[in-house]
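Engineer: Structure of the sequence below:
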Amino acid sequence: MELASYPHEYLPLPQQDGYGFKPVSPLLRTELTSGRARQRRKYMSTPTQASVNWFFETDGQSQLFEVWFRDTIHDGADWFLMRLQTPLGVEDYKCRFTDIYEGPTMVAPIYWQFTATLELWERPILPPGWGDFPDFIINQSIIDLALNREWPEA
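Structural biologist: Residues are numbered from 1 along each chain as shown. Okay, the predicted model is just below:
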């Protein structure tokens with residue numbers, strides 16, 4: 001079954017104000033009687049929660065958001081694809097709402113704000129193996145500039 005998508009062509013991305021991520025811990029910690037603790041990685045793939053808010057500039061955008069939430073993703077129960085900005089850039093992520101959104105809250109006579117918490121299927125980080133190449137990660141903008149300058153598309 002194909003995942004639904006957030007209607008990007010009609011609605012804006014979440015605002016940066018208050019935007020942040022909280023990964024679910026992949027660790028299992030066991031307190032010992034000695035006062036120390038043992039901990040180990042329990043999972044390789046863990047979800048991340050994202051605090052998001054939208055600022056809609058028209059009544060129509062607000063109406064579309066609410067009807068999309070209700071009808072397309074079944075009041076937030078279904079997973080969907082949404083473009084989000086992370087340290088990796090702007091990419092599509094598989095996510096769902098953890099509960100119903102808050103709002104609409106009137107910001108000005110015709111502007112509406114909605115807030116929610118999204119659950120991302122995975123943490124938005126580089127794939128395994130990239131930690132072995134810290135120079136490439138830190139200098140990626142220089143490498144990108146050099147590649148695009150030296151080998152432009154034909």
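Engineer: most distant residue from the middle of the protein?
Structural biologist: Ranking residues of the chain by C-alpha distance from their mean position (CA atoms, centre = their mean) puts Ser34 at the top, at 40.1 Å.
Engineer: Give me the three-state assignment for it.
Structural biologist: Under the three-state scheme (DSSP: H, G, I helix; E, B strand; the rest coil), Ser34 adopts coil.
Engineer: repeat for Gln39
Structural biologist: Following three-state DSSP, we place Gln39 in the strand state.
Engineer: for this protein, what spans make up the helices?
Structural biologist: Using DSSP state H, the helices of the chain run over residues 59-67, 134-138, 140-150.
Engineer: And the strands in this structure?
Structural biologist: 4-5, 20-23, 27-31, 37-41, 48-56, 80-86, 89-97, 102-108, 111-120 (DSSP state E).
Engineer: Enumerate the positions of the fifth one that are buried.
Structural biologist: In this case it means strand 48-56. Buried positions in strand 48-56, judged by neighbour count with 16 or more other CB atoms under 10 Å: Thr48, Gln49, Ala50, Val52, Asn53, Trp54, Phe56. For the C-beta atoms, the positions are set from N, CA and C on the backbone; glycine is no exception.
Engineer: Kindly state the beta-bridge partners for the residue lying closest to Trp121 once chain neighbours are set aside.
Structural biologist: Nearest in space to Trp121, with sequence neighbours left out and distances taken as CB to CB, 6 or more residues apart in numbering, is Lys94 at 4.0 Å. Judged by DSSP bridges, the bridge partners of Lys94 are Leu81.
Engineer: now Lys94: how far from Gly35?
Structural biologist: 41 Å (CB to CB, to the nearest Å).
Engineer: what's the answer for Pro26, then?
Structural biologist: Distance, Pro26 to Gly35, by CB to CB: 24 Å.
Engineer: okay, the two: which has more neighbours?
Structural biologist: The neighbour comparison of Pro26 against Gly35 (other CB atoms under 10 Å) goes to Pro26, with 13 against 6.
Engineer: how many neighbours does Tyr65 have?
Structural biologist: Quick fix: residue 65 is Phe, not Tyr. With other CB under 10 Å as criterion, Phe65 counts 22.
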